[in-house]
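Novice: please find the sequence and the predicted model below.
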Amino acid sequence: MSGQKPSLKSGGSPQSRFQVDVVTEASSADGCKPPEEARGRSRVVGFLDAGALGSAMDIGLPPDVSYDPDAARSDSVSLHSTGTGHTHVSDSHSNTYYMRTFGHNTIDAVPNIDFYRHTAATLGEKLTRPSLSELHDELDKDPFEDGLANGEEPSVAEEAAAALRAKEAKGGTIKFGWVKGVLIRCMLNIWGVMLFIRMSWIVGQAGIGLTIAIILMATVVTTITGLSTSAIATNGFVRGGGAYYLISRSLGPEFGGSIGLIFAFANAVAVAMYVVGFAETVVEMLSDVDALMTDELNDIRIVGTLTVILLLGISVAGMEWEAKIVLLVILLAAIANYFIGSFISTESKEPKGFFGYQSAIFLENLGPDFRDEETFFSMFAIFFPAATGILAGANISGDLTVSFTREDSATQLAIYPVYGSKWLPPPPSGSCIVRDATGDHNDTVSDTVNCTDAACTLGYDFSICKEGGCQYGLINDFQVLGLVSGFGPLISAGIFSATLSSALASLVSAPKVFQALCKDNIYPGLGVFAKGYGKNNEPLRGYVLTFCIGLAFILIAELNIIAPIISNFFLASYALINFSVFHASLANSPGWRPSFKYFNKWVSLAGAILCCVVMFVINWWAALVTLLIVLALYIYVSYKKPGENVNWGSSTQALIYNQALTHCMNLTGVEGPRQELQCLVLAGYPNSRPALLQLVNSFTKNVGLMVCAHVRMVGRDPPRWLNKKRIKAFYTHVFSDNLRHGAQFLMQAVGLGRLKPNTLVMGFKNNWSDGDMREVEIYINTIHDAFDLQYGVVILRLRDGLDVSHIQGQGAVFFSPPPPPCPSAADTKCPLSLTEQRLLEASQQFKKKQGKGTIDVWWLFDDGGLTLLIPFLLTNGSKWGDCRIRVFIGGKINRIDHDRRAMATLLSRFRIDFSDIHVLGDINTKPKKHKEDDMEQEAAERLKAQEPWRITDNELELYKAKNNRQIRLNELLKEHSAAAKLIVMSMPLARKGTVSSALYMCWLETLSRDVPPLLLVRGNHQSVLTFYS
């Protein structure tokens, strides 16, 4: 080293004004060291130069964009207006990794809104800030060697081109402001078909008082829902999808997916309702001129079918907002025409029931007169679809250019005046028109008739209508508003405007919501409807699907049947919107920060409860079916786990986190023995030892804690294998130079409070005799450390081994270390040897159901009951449920029956079922002669002779009895448990500092050799099984 300090040297390359050149630790005296020998300490980065993208025309900039090649640039290109009609390419914060910060050439980034976008949105692209590793790691380390969080990053030119394409794409998209997109849409929807052709009928059935109560209840529901919608809409950017997007991003994909389907379906059915309302009016007009094609019902179907075909064409082609203004003006004129006409009474209208404002009519119509089994809630069900227009603007949220503060303000602005206007029709209708009228001028009051109703006081006798058959009056004539109005055709025009505009709004809303749902890919098979066409990404396939659903319901041709169906689905949607606000507020998540403050979580909860109660009162079985559909869809999404692309950080997750934190804190204060089985599994790469993890998962699933731990040296990969295999476990790793140190860190640090592992689970070290003795020392000392830290220890041995990471292709699912290369480069896949095939088969043996068999428990030493608890938990699960537990214990020849009864009594106290108890009185007998000779010869000649093993003659002689015991136990295992599905056996202990690691390893090897799958278990000698005496 020459002592020369590292320096940044400006390269002479003309590529860029801002370029990080290599940093050399030292140079030769003449400074002529070849560049290929100089080690770079930072990757060379070119900041977008004049030659990188070419001229403005080369990169496809618009004609009014000027390009200054001498300006300081970042990695990406941004466009900003100068106020003079020109757009300049200049620095921005849109670059992900390299930019000029405070005038310095650094990769550190200043705060930028694009770093915080949760999902890609039309307001901007989601970018990624430099990672901590890229800023902090040594310069000679390539910050990109581990890959990037979001995949491979595009080049500078690609990123700039993508930004320009996004700008151009946005330029061709048609967007709506708060007046066009929200206010007018909501008004046209709320002033809908019910106001013109069902309001008067509802007044006749329910009376003025209850009609006002119906409007009041609908207003309460929609006002609360409107406030909740505003709260969610202002809690962040809302893309296309309306109610689905609001609920899914607030409550999660489970609720959002289910209600998204229902809400889209409700909008599709709403198309049918509005079209049938329009067709009713047309057929009524045809009937007046005696021009019916067949009969009224079939004519409604014919007119409705033709109308929905026309509407489909209009929705695909698009309707200019000026046309909607015209429809709104016609609608308002029709409403004004009705109120003006109510003051103009003529004698020609009196036989049809219209007498002008009369106190007698008002008093008679003040109370209800329900007919045809109608009730208050059936009237509410028919009226409520008129209240569903509050989400008309939110449903096309992806096509709005306004901020959602304005969107919710426009929604509120539409709700209050429109609902205020809905209070006005009932009093005039109830004060001017009688319930029944014949339409006959000759039905006047005579002296011989005893008549007491309001019509009699006005000179008409309509008592014949009690027998049925009358065509006029509030209850009999759905088109009575045309009779009251000053100019009848204007009312018809208003009906056409209201029904067609509402039908168009629903025909557009349903595909938009459904398209947003399909884009999230929550339900497989629906992705075909996610594709959009044209500048506005129009869901043409969704239009066709909505058309088919609407047409099916149009064929019902009964408005009073269709309306309650819609009410049921919309009430379910509104209930979930209100509940999502309550849930998000209750979770108190830091991400819940709506800018709209005029809401209350308890009011939202009351709104949700009100919606549910009304659903069941209207039609309990329809509400129950809706609830079951929501529940089934919820369970499906919860079970399938759509994937990382729909992980939106919902309030459900926030509430679960808060509850988990609270329960963990509550558990911390609980005193008493810990009887939970909580395992720390040293499995390495999770898919390296699948049999170990699958077995432990079988006895910890839903009843205990399982932490899959990995002592590693390199890499930062996310755990996916555990989720893919549905193994309920946490994953954690530490970086350490060897297994023992890493295990020490894990055993001391993993866990929170009582949610802390108390049992260390390991695989048996099969290749210990062929490897370095230092690895054996590390392995055995790890077991000693576990006992020192009051951990129980469980070791699993399979005859063919556990580790499959070295087999070609086994690292594809997760982040296993790369397998060895094939001998031949031409081979795409190495053929597996017979040993590898057996190993792979053995690694999957605990994945399947075990069938009938036995779990043999060799409970030789009392360790607190862990040796017995594990088999019990296994047989409680579905995979091992058909297996029986056999218990083997040591005893004396002359006390076998006594020991068996004592153990049976203990097991019954523990409430553990068993099939048999074997008392072995010959455990301490010497092993067979040839076995003993083999062991002596092997120990004396092979083990003792090698210095690293450090087994002395004295040690062998001192522990001769224990050596023989392990041999004898192995013989007994082969004799009694050769056919067992699993053997669970007490693990022998070796006193630390007295028994060498090599000898202890020999004990474990001798004990577990050539037997079925074996679990060596030693608890921490604290009771995990208890009973009350």
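Specialist: Right, received. Where do you want to start?

Novice: give me the phi and psi for Arg1018.
Specialist: The phi/psi pair for Arg1018 (degrees, to the nearest 10) reads phi -140, psi 110.

Novice: so who does the closest residue to it other than its chain neighbours touch?
Specialist: Leaving aside its sequence neighbours, Arg1018 sits nearest to Met987 (C-beta to C-beta, 6 or more residues apart in numbering; 4.1 Å). All C-beta atoms are positioned from the backbone trio N, CA, C, and that covers glycine. Counting by C-beta atoms under 8 Å, 6 or more residues apart in numbering, Met987 touches 793, 795, 1004, 1016-1018.

Novice: and of these, the nearest to Asn588?
Specialist: Of all the contacts of Met987, Val793 has the smallest distance to Asn588: 41.9 Å, by C-beta to C-beta.

Novice: how much space separates the closest one from Leu677?
Specialist: 13 Å (C-beta to C-beta, to the nearest Å).

Novice: kindly report the same for Ala990.
Specialist: 24 Å.

Novice: same thing with Val193?
Specialist: Distance, Val193 to Leu677, using C-beta to C-beta: 64 Å.

Novice: one step back: could you pull out the residues contacting both of Val793 and Leu677?
Specialist: With C-beta under 8 Å, 6+ apart, Val793 and Leu677 have common neighbours Thr759.

Novice: which parts of the stretch 701-850 of the chain are helices?
Specialist: 721-724, 739-749, 773-788, 834-843 (DSSP state H, counting those that start in this stretch).

Novice: now do the stretch 201-350 of the chain
Specialist: Using DSSP H, counting those that start in this stretch, helices in the stretch 201-350 of the chain cover 243-251, 253-288, 296-317, 321-341.

Novice: next, the buried residues of the longest one.
Specialist: It stands for helix 253-288. For helix 253-288, the neighbour count (16 or more other C-beta atoms under 10 Å) marks 253-284 as buried.

Novice: low pLDDT regions in the stretch 251-400 of the chain?
Specialist: Residues of the stretch 251-400 of the chain that meet the criterion pLDDT under 70 lie in 318-324, 389-400.

Novice: tell me what the helix or strand that contains Val613 is packed against?
Specialist: In this structure, Val613 sits in helix 601-618 according to DSSP states H and E. On a contact count with 3 or more C-beta pairs under 8 Å, 6 or more residues apart in numbering; DSSP states H and E, helix 601-618 meets helix 199-233, helix 376-383, helix 559-587, helix 620-640.

Novice: dump the second one to PDB, keeping only the CA atoms.
Specialist: Only the C-alpha atoms of helix 376-383 are listed here, as PDB (Å, rounded to 0.1, in the frame of the first residue of the first chain):
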ATOM      1  CA  PHE A 376     -94.300  -1.500   5.600                       C
ATOM      2  CA  PHE A 377     -91.000  -3.300   4.900                       C
ATOM      3  CA  SER A 378     -92.200  -4.600   1.500                       C
ATOM      4  CA  MET A 379     -92.900  -0.900   0.600                       C
ATOM      5  CA  PHE A 380     -89.400   0.000   1.900                       C
ATOM      6  CA  ALA A 381     -87.900  -2.800  -0.200                       C
ATOM      7  CA  ILE A 382     -89.500  -1.400  -3.400                       C
ATOM      8  CA  PHE A 383     -88.600   2.200  -2.600                       C
END
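
Novice: could you identify the most distant pair in the contacts of Met987?
Specialist: Within those (distances taken as C-beta to C-beta), the two that end up farthest apart are Leu1004 and Val1017, at 12.5 Å.

Novice: the two: which has the busier surroundings?
Specialist: Counted by other C-beta atoms under 10 Å, Leu1004 and Val1017 do not tie: Val1017 has more neighbours, with 27 against 23.

Novice: ok but the more buried one is inside a strand, no?
Specialist: Yes - Val1017: assigned to a strand according to DSSP: H, G, I helix; E, B strand; the rest coil.

Novice: for it, give me its contacts.
Specialist: Val1017 touches 792-794, 863, 866-867, 870, 984-987, counting by C-beta under 8 Å, 6+ apart.

Novice: pretty sure Ser698 sits against Phe846.
Specialist: Yes - using C-beta atoms under 8 Å, Ser698 is in contact with Phe846, at 6.5 Å.

Novice: overlap in contacts, these two.
Specialist: Joint contacts of Ser698 and Phe846 (C-beta under 8 Å, 6+ apart) are Lys879.

Novice: ok, and what's touching the host helix or strand of Asn970?
Specialist: Using DSSP H and E, Asn970 falls within helix 960-976. By C-beta under 8 Å, 6+ apart, the residues outside helix 960-976 that reach it are 856, 858, 860, 888, 918, 920, 922-928, 931-932, 935, 939, 956, 983, 985, 988, 1002-1003, 1006-1011, 1014.

Novice: among those, which ones are buried?
Specialist: With burial judged by 16+ other C-beta under 10 Å, the buried subset of those is 856, 858, 860, 888, 918, 920, 927, 931-932, 935, 939, 956, 983, 985, 988, 1002-1003, 1006-1008, 1011, 1014.

Novice: and Asp505, how many neighbours does it have?
Specialist: Quick fix: residue 505 is Ala, not Asp. Quick note: Ala505 (other C-beta under 10 Å) scores 27 neighbours.

Novice: gap between it and Ile554?
Specialist: For Ala505, the distance to Ile554 - C-beta to C-beta - is 17 Å.

Novice: likewise Gly341?
Specialist: The spacing between Gly341 and Ile554, counted by C-beta to C-beta, is 31 Å.

Novice: then Ala608?
Specialist: From Ala608 across to Ile554, the span is 32 Å (C-beta to C-beta).

Novice: repeat that for Met194.
Specialist: Counting by C-beta to C-beta, the gap from Met194 to Ile554 is 17 Å.

Novice: kindly report the same for Ile232.
Specialist: Counting by C-beta to C-beta - Ile232 and Ile554 are separated by 33 Å.

Novice: between these two, which has more neighbouring residues?
Specialist: Ile232 (27 against 24).

Novice: which residues touch Gly459?
Specialist: Counting by C-beta under 8 Å, 6+ apart, Gly459 makes contact with 350, 444-445.
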